[in-house]
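Q: coordinates only, sequence not included:
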């Protein structure tokens, strides 16, 4: 299969934008988590922490995919 560098660049650019959105969502969830903890909603805050962990895990995979696409 031929190397389609334009498609790889476009895909990497789109993934980069999604990754930026993911980081922004993580920051927002972190703020809400802090607020929930301060208000005594520990169970809900714990669920939010789990969501942030998932975002972090997936961010690493997305970053790796971006790197691979940019080096093809």
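A: Here it is on my side, so go on. The structure presented is a predicted model; accordingly, all values stated were derived computationally and were not measured.
Q: just how off-centre is stretch 15-33 within its chain?
A: 6 Å (Cα atoms, centre = their mean, to the nearest Å).
Q: next one: stretch 40-49
A: Centroid separation for stretch 40-49 versus its chain: 20 Å, with Cα atoms, centre = their mean.
Q: in it, what counts as buried?
A: For stretch 40-49, the neighbour count (16 or more other Cβ atoms under 10 Å) marks 45, 48 as buried. (C-beta placed from N, C-alpha, C; glycine too.)
Q: cool, and stretch 52-59?
A: For stretch 52-59, burial by neighbour count (16+ other Cβ under 10 Å) applies to 52, 55.
Q: residues making contact with that stretch?
A: The contact list for stretch 52-59 (Cβ atoms under 8 Å, 6 or more residues apart in numbering) reads 19, 22-23, 25-26, 29-30, 33.
Q: looking at those residues, which are in helices?
A: The helices, defined by DSSP state H, take in 19, 22-23, 25-26, 29-30, 33 from the contacts of stretch 52-59.
Q: in TSV, list the residues you listed along with distance to residue 61, pLDDT and neighbour count.
A: Output for those, formatted as TSV (distance: Cβ to Cβ, whole Å; pLDDT from 0 to 100; neighbours: other Cβ atoms under 10 Å):
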residue	distance to residue 61	pLDDT	neighbour count
19	10	96	16
22	11	95	16
23	14	95	13
25	16	95	13
26	14	94	17
29	18	95	15
30	20	94	14
33	22	94	19
